[in-house]
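Trainee: let me see the structure of the following:
(one chain, ligands or ions: 1)
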Amino acid sequence: MGKIVAEHETSSARIRAKLRNPYSWCFCELCGRTTEYATAIEARAVFKCLRKGAVKAIPLTDRIRQEALRQSHEIVARYEQALAGDLGPYEAGRMLLAYCDVRDMRGDWTVEAFRDQVERRTLITEWSKHGDLQAAVRLPKQADGTPKPSRLYCENHNPKRSDDSRRAYQRDRRFVVEFEHVQAEIWARDADKLPRWDLEAHAHIRQEAYAMLQAMKSPTRLIDKLIEQGITKQSDLARLLGVSRQAVSAALKERDGK
Ligand SMILES: [Zn+2]
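Mentor: Got it, this is the predicted structure:
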């Protein structure tokens, strides 16, 4: 736990504020994908350092699983008691805060949801007793010496990741204000349908806003996609995109000009 806490500490106020927001901490600033950091946290594994700097991966054995399961049964039994009120008015809430990722539970405080959370946590705890929990300092399959996972951007937008991602970053950061604006508009439009507390809804809105923004900023990219699918008549393209045929023609001309 000490290691996990240490990873969350950072010197930048901007990043502290981002990580504290339960509905945006894991999203790229520029699109609807998760940040490299959030991806790295998901891909935890346990390793053991050997002599001379070698590292051995510790497998997740049946024994570790069984021990974790036994512990989680005990904790869940206590939660059931707490829910029934046998342990005073605050114990259930205290246990939720101690054992669960509350934002991940999305308002579901049932025993099943609690068990799901606790099982994951006891497994990681038990596993890490056999070695060192890999810190979230590297993405899966990432080579040594590459930049640390970004807390602000996804793999496609991290300016330090590659030439492509730097270009995408430069292209999209100009529209950061519009990106926020389009999201706010979708929230307002679908306010009755979308649960604000649901992280999935936030992801959905961000993805949709990003797609809309891309379509607005470079209509030819959408047109190219449709042409690839075999739709070549300008009138068909116009109908599918909900614009006039003249607009399609103009967009194509502009692209050919480039
Ligand atoms: Zn991104």
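
Trainee: which residues touch stretch 94-110?
Mentor: Stretch 94-110 is contacted by residues 22-23, 75, 78-79, 82, 92, 113-114, 117-118, 121, 195, 197-199 when judged by Cβ atoms under 8 Å, 6 or more residues apart in numbering. (C-beta placed from N, C-alpha, C; glycine too.)

Trainee: what is the lengthiest helix in the chain packed up against?
Mentor: Scanning the chain for the helix with the most residues, using DSSP state H, yields helix 62-83. In terms of contacts (3 or more Cβ pairs under 8 Å, 6 or more residues apart in numbering; DSSP states H and E), helix 62-83 is packed against helix 91-99, helix 111-128.

Trainee: tell me which residues of it are tucked away?
Mentor: By neighbour count on 16 or more other Cβ atoms under 10 Å, the buried set for helix 62-83 is Ile64, Glu67, Ala68, Gln71, Ser72, Ile75, Val76, Arg78, Tyr79, Ala82, Leu83.

Trainee: looking at those, which is nearest the ion?
Mentor: Nearest to the ion out of the buried residues of helix 62-83 is Ala68 (Cβ to the ion; 34.4 Å).

Trainee: what's the strand or helix carrying Glu254 in contact with?
Mentor: Following DSSP states H and E, the helix or strand that holds Glu254 is helix 245-257. For helix 245-257, contacts defined as Cβ under 8 Å, 6+ apart pick out Pro219, Thr220, Ile223, Gln234, Ser235, Leu237, Ala238, Leu241.

Trainee: what's the longest helix of the chain in contact with?
Mentor: Looking at what lies outside helix 62-83 - Cβ under 8 Å, 6+ apart - the contacts are 87, 91-92, 95, 99, 111, 114-115, 118-119, 121-123, 125-127, 130.
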